[in-house]
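Visitor: 3D, please:
(2 chains)
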Amino acid sequence: MSKNSLGREIPDIWRGRVLRPYRDPFSVQPEGPRVARPIRRVNPGDNKLLGSLREAIEASGLRDGMTIGAHHHLRNGDQVLNSVVKEIAAMGIRDIGIASSSIHPVHEVLIPFIRDGVITRIESGVNGRISRMVSTGQLDVPIVTRTHGGRGRAMMCGDIKVDVAFVGAPTCDEYGNICASKGPSACGVVGYSHSDADYADCVIAVTDNLVPYPAFPISIPQTKVDYVVQVDSLGDPSKIVSTTTRVTTDPIGLQIAKYAATVIDLSGLLKTGFSFQTGAGGASLATAANVRDLMRKRGIVGSFGAGGITGYFVDMLEEGLLEALFDVQSFDLKAVASVGRNPAHIEMSADMYANPFNAGCVVNRLDCVVLGAREIDTNFNVNVNTESDGTLNGNTGGHADTAAGAKLAIVVAPSIRARLPIVRDEVTTISTPGETIDAIVTERGVALNSKYQALAPDLRRRGIPVKSIVELRDEIYGITGAPRPIEFTDNIVGLVEYRDGTITDVIRQVKG
Amino acid sequence: MIHPQLRRSLLYVPGNMPAMLQNIPIFSCDVCIIDLEDAVPRTEKDTARLLSRRFIEGYTQRNKEVYVRINGLDTPYFRDDLAQILPAMPDGIRLPKCEHPSHLRRIDDLLTEFEEYLGCEIGRFKVIASVESAQGIINVNETARASSRLVALGFSAEDYTANLQIDRPKTGEHLVVPRQLLLMACRAADIQAIDTVWADASDQEGFRRECEHIKVLGFDGKSLINPRQIDVLHEVLAPKPDEIDYALQVVDAIKGAREQGTGVVSLGGKMIDAPVVARAVRVLLSAKSLGLVDTDIDEQVIYGDADS
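Guide: So this is what the prediction gives:
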């Protein structure tokens, strides 16, 4: 065991893996070349379209002990991963690792396969029943949560070796051109799968919308796809994307948004060329609404919006308030429709989005990001991975990536959720280091980290309560009381890996 | 003289809902009115009194006035309301259904008794009374002068239209007479005039139009049912740049006069008297709350000695 710079105890070795404790956001230097996938030759007349998932799995050479890749663009409507694992189990293959970009509640049908030893590793953040059971010791499968950029980095560096990637393809032709913006299961883009297509030994496109060659616009090209399989359905389209994402009408969310927009306004960043990312949560979108109004009033044209893209950002693009959108994941139907027709709405890989070890990722170009939080501690560290009862439930996503990259990283959160204080002495899990967070915005006031302390007088002049993070915590504890610490066992069930591969925290089994 | 206290926005918060009570400190309204009356079902009156009392006791860093709307004098609840709430020291009481000056005299007597019992200054608890019926409007001139505790009269269009047995169109043409009468009574008595609530919280545009209307009429403020209405109202009531400039000149002039030991001053040939100063102070308080000016208002500089 050794302590990382965030004060968390990190074991030297966990389940055979040597762990490097987190030290700081920017100093880890990579070495050597990126990994390569085997070269191959496909001659004229060769057939890539196979008759079934089983045939494709057989053709891929998947065997015991290997790792499969998948994406979560179909979110809680996804049936691709479930079908693949069922088929793998039926073929008698065991000891498989899953390196998806996220596991959702819809994947709880995998639980029996984890129990039976078909699935033995999850290289991804997990939501839903699987993560709850792992956290409470009812299910044993090691989990490594990574950021979106960190997953791209891990594949590039060979930390995750994906043997066979199964890419859910909303539209595909028989030669493997994948188009994500069309078809009954259209999800807009497949930004998380680009790394799979670059580094997996074998890439299989699974589609429910096989179209005559060529399928376009192309998300992943034929040159990277080994086989194509047609299935009846990729999943439940109603759960793939939201019909709309809405700005909140909750007065608390609106108050938070007003404060956050004022921080952005006073930061000096809101001028021509402004680049911006927010989550799809109500308060984040409401912040975007306030920023949009300021841009309109002052005739500011921003350079780009990035990340998971909502219809709200599409509106800003179409209104001329942003020059371009970089889309790693489309959140709603409007975003899906836009990316298929507007060349200024650009599909972006997770690698381009946030991998710290390429020649420069998009988050490095962000002026401002507005992020959410489950918990925040008095060192500005943020938890987005575990629940208030200590159980794992969530992916880090782009949280830690954008916080590190953006000039101004704002975390918006209500000060209290269901009687629980959100700003507290210690977070259950450190997902994003506080040194990359610049401001915490709650309805009770704004706490500024060191880089932006100078904004305090101007914020106060605009009627915004500025408090130290300790004062904010004390005020909230005054209402809720201090939370009782959660009790854990010594058993480590998962890792929280930072974007550079170091470990910010571990997830322990909850006692009881 | 009209007190310069800003009372633009008076937000109702149901007294039986702790999740909403705890948010009172964060909203930017000038006054919060914790409701024990219409928003609270009969079976929850006790709960509401206890929760409200605990909240007010704990709300030590006051950043707005806190009033409590008690149940009407014609109900069996108002005595318990007062007995539970007053020890927590709210700024005042909002009295509903104030149809006759005697109602106000009665609440005045009750508050005096409580002040004696609690050992606090007589007159500490202020009153904002609501006029809610035709009878109330007819008596409004006397009601406005019935108690020195009365800082404002509010108008309640919901009960008034029910009393008149008419619909309540959003355009408000049926409210011209009661609004004007109430406003004139308030001005004549040197107290503030507070307009009725806008009940459709989802119709922000309609709400904005009504705010613009009552601004033209001259109301000081408006009762609100949703925090989302606060910013719209403040924006509409925001002073214009020339009003702010003039107010700054008035305050400078009066400060200068105080320093020279006189309370009389003229500006641009016009005599500046107390109501002009009070108006200037309110303009600057309003502008400051919206971040339009930096000037701090030091009441002592403006008024000289506290009792002058």
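
Visitor: Quick check: closest non-adjacent residue to the closest residue to chain B within the stretch 401-512 of chain A.
Guide: Nearest residue of the stretch 401-512 of chain A to chain B, counting by Cβ to the nearest Cβ: residue A:462, 4.2 Å away. The way it works is simple: take the backbone N, C-alpha and C, and place the C-beta from them, glycine included. Of all residues not flanking residue A:462 in the chain, residue B:291 sits nearest, at 4.2 Å (Cβ to Cβ, 6 or more residues apart in numbering or on different chains).

Visitor: rewinding a little: next, give phi and psi for the residue of the stretch 401-512 of chain A closest to chain B.
Guide: Residue A:462 adopts backbone torsions of phi -90, psi 10, taken as degrees, to the nearest 10.

Visitor: pLDDT score assigned to it?
Guide: With respect to pLDDT, residue A:462 scores 88.

Visitor: And residue B:50, by the same measure?
Guide: Predicted confidence (pLDDT) for residue B:50: 96.

Visitor: Also residue B:300?
Guide: On the pLDDT scale, residue B:300 is placed at 62.

Visitor: Also residue A:58?
Guide: The predicted local confidence for residue A:58 is 98.

Visitor: contacting residues for the nearest residue to it once chain neighbours are set aside?
Guide: Sequence neighbours aside, residue A:91 is the residue nearest to residue A:58 in space, at 7.7 Å (criterion: Cβ to Cβ, 6+ apart). Going by Cβ atoms under 8 Å, 6 or more residues apart in numbering or on different chains, residue A:91 touches A:54, A:57, A:58.

Visitor: Surely the first one is in contact with residue A:88?
Guide: The reference is to residue A:54. No. Using Cβ atoms under 8 Å, residue A:54 is not in contact with residue A:88; the gap is 9.3 Å.

Visitor: Compare the two and say which is more crowded by neighbours.
Guide: Counting neighbours by other Cβ atoms under 10 Å in any protein chain shown for residue A:54 and for residue A:88 shows that residue A:88 has the greater number, 23 against 14.

Visitor: Would you agree residue A:255 is in contact with residue A:465?
Guide: No. Contact criterion Cβ under 8 Å: residue A:255 and residue A:465 do not qualify, at 10.8 Å.

Visitor: Which one's more surrounded, those two?
Guide: Just comparing residue A:255 and residue A:465: by other Cβ under 10 Å the higher neighbour count belongs to residue A:255, 25 against 19.

Visitor: which SS state does the more buried one fall under?
Guide: Using DSSP: H, G, I helix; E, B strand; the rest coil, the structure places residue A:255 in helix.

Visitor: tell me the pLDDT at residue 119?
Guide: In the absence of a named chain, this looks at chain A. Per-residue pLDDT puts residue A:119 at 97.

Visitor: oops, chain B please
Guide: Note for residue B:119: predicted pLDDT of 96.

Visitor: can you count the residues close to it?
Guide: For residue B:119, the neighbour count with other Cβ under 10 Å is 6.

Visitor: quick revisit: let me have the contacts of residue A:91 in a markdown table, extended by distance to residue A:372.
Guide: A markdown table is the format used below for those (distance: Cβ to Cβ, whole Å):
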| residue | distance to residue A:372 |
| --- | --- |
| A:54 | 41 |
| A:57 | 38 |
| A:58 | 43 |
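
Visitor: quick one: which of those residues is nearest residue A:473?
Guide: Using Cβ to Cβ, residue A:57 comes nearest to residue A:473 of the contacts of residue A:91, at 52.2 Å.

Visitor: quick one: the residue nearest to residue A:58 from chain B, how far?
Guide: Going from residue A:91 to chain B by Cβ to the nearest Cβ, to the nearest Å gives 53 Å.

Visitor: Now that residue: phi and psi?
Guide: phi -90, psi 0.

Visitor: Same check on residue B:224?
Guide: Torsion angles, degrees, to the nearest 10, at residue B:224: phi -130, psi 150.

Visitor: Show me the contacts of residue A:91 that map onto strands.
Guide: The strands in this structure, assigned by DSSP state E, contain none of the contacts of residue A:91.

Visitor: Out of these, which comes closest to chain B?
Guide: Once Cβ to the nearest Cβ is applied, the member of the contacts of residue A:91 that ends up nearest chain B is residue A:57, at 52.2 Å.

Visitor: Could you verify my assumption that that closest one touches residue A:89?
Guide: No. Using Cβ under 8 Å as the test, residue A:57 is too far from residue A:89 to be in contact (10.9 Å).

Visitor: Which one's more surrounded, these two?
Guide: Using other Cβ under 10 Å as the criterion, residue A:57 and residue A:89 rank with residue A:57 on top: 25 against 18.

Visitor: ok, now how distant is the residue nearest to residue A:462 from residue B:185?
Guide: Look at residue B:291 and residue B:185: by Cβ to Cβ, to the nearest Å, they are 34 Å apart.

Visitor: Who has more neighbours out of those two?
Guide: A direct count of neighbours by other Cβ under 10 Å for residue B:291 and residue B:185 places residue B:185 higher, at 21 against 15.

Visitor: Okay, and the more buried one sits in which element?
Guide: In the assignment (DSSP states H and E), residue B:185 maps to helix B:176-189.

Visitor: That helix: what's the following helix or strand?
Guide: Using DSSP H and E, the first helix or strand after helix B:176-189 is strand B:192-195.

Visitor: all strands in the stretch 51-200 of chain A, in order from the N-terminus.
Guide: Listed in chain order, the strands of the stretch 51-200 of chain A (DSSP state E, counting those that start in this stretch) span residues A:67-70, A:96-100, A:119-122, A:143-145, A:164-169, A:171-172, A:178-179.

Visitor: my bad, the stretch 151-300 of chain B
Guide: Taking DSSP E, counting those that start in this stretch as the criterion, the stretch 151-300 of chain B carries its strands at B:192-195, B:221-224, B:265-267, B:270-272.

Visitor: Counting neighbours, what do you get for residue A:278?
Guide: The burial count assigned to residue A:278 is 30, neighbours taken as other Cβ under 10 Å.

Visitor: if I pick it, what's in contact with it?
Guide: Counting by Cβ under 8 Å, 6+ apart, residue A:278 touches A:284, A:285, A:287, A:288, A:307, A:369, A:370.

Visitor: So which of the residues you listed are in strands?
Guide: The strands, defined by DSSP E, take in A:307, A:369, A:370 from the contacts of residue A:278.

Visitor: Against chain B, how distant is the second one?
Guide: Distance check for residue A:369 against chain B: by Cβ to the nearest Cβ, it reads 24 Å.

Visitor: show me the contacts for residue A:263.
Guide: Residue A:263 makes contact with A:408, A:410, A:439, A:441, A:446, A:452, A:455, A:459, A:464, according to Cβ under 8 Å, 6+ apart.

Visitor: so the second one bridges to which residues?
Guide: Each beta-bridge partner of residue A:410 is listed here: residue A:370, residue A:439, as defined by DSSP bridges.

Visitor: Residues of the stretch 201-350 of chain A that sit close to chain B?
Guide: Residues of the stretch 201-350 of chain A lying near chain B by Cβ under 8 Å from any Cβ of the partner chain: A:249, A:251, A:252, A:254, A:255, A:258.

Visitor: Check the contact between the third one and residue A:414; I expect there is one.
Guide: Yes. Checked against Cβ under 8 Å, the pair residue A:252 and residue A:414 is within contact range at 5.4 Å.

Visitor: Name the residues contacting each of the two.
Guide: Common contact partners of residue A:252 and residue A:414 (Cβ under 8 Å, 6+ apart): residue A:443.

Visitor: Could you find the closest non-adjacent residue to residue A:49?
Guide: Among residues not flanking residue A:49 along the chain, residue A:174 sits closest, at 4.2 Å (Cβ to Cβ, 6+ apart).

Visitor: Burial check on the one you found, number of neighbours?
Guide: The burial count for residue A:174: 18, using other Cβ under 10 Å.

Visitor: I figured it hits residue A:207, correct?
Guide: No. Between residue A:174 and residue A:207 there is no contact under Cβ under 8 Å: 9.8 Å.
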